[in-house]
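K.L.:
Here's a sequence, model it:
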Amino acid sequence: MPNTRLRVQQHRNRLREAGLRPIQIWVPDTRDPQLAKICQHQSLLVRAADAADKRLHQLQHAALDDIEGWTE
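P.N.:
This next block holds a predicted model:
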């Protein structure tokens with residue numbers, strides 16, 4: 001049985017042969033106890049900005065008017 005490094009390399013080679021390529025992405029650490037507070041803070045900022053943007057409201061209502069049968 002091949003060792004782990006060889007099996008991983010073979011697996012990666014098969015994926016590359018299938019036309020895939022590896023990428024690395026960084027995402028927020030959901031285990032961080034501060035993440036919920038950060039998300040809530042950002043959500044409140046977005047809500048306040050949206051509430052203050054009258055043009056956004058006009059655009060949203062105009063878009064709803066374009067949807068046949070839509071009711072609020």
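K.L.:
residues near R12, how many?
P.N.:
13 (other C-beta atoms under 10 Å). Placement of C-beta: from N, CA and C, glycine included.
K.L.:
so where does it fall, helix or strand?
P.N.:
helix 4-17 (DSSP states H and E).
K.L.:
Counting by contacts, list what that helix packs against.
P.N.:
Here helix 4-17 touches no other helix or strand, going by 3 or more C-beta pairs under 8 Å, 6 or more residues apart in numbering; DSSP states H and E.
K.L.:
how close does the most centrally placed residue in the chain sit to L35?
P.N.:
The structure's the chain has its C-alpha centroid closest to V27; by C-alpha atoms, centre = their mean the separation is 9.4 Å. Distance of V27 to L35, computed by C-beta to C-beta, to the nearest Å: 11 Å.
K.L.:
Ok, R5 next?
P.N.:
In terms of C-beta to C-beta, R5 sits 34 Å off from L35.
K.L.:
These two: which is more packed in?
P.N.:
L35 (12 against 8).
K.L.:
Return the residues in contact with that one.
P.N.:
Shown in contact with L35 (C-beta atoms under 8 Å, 6 or more residues apart in numbering): P28, D29.
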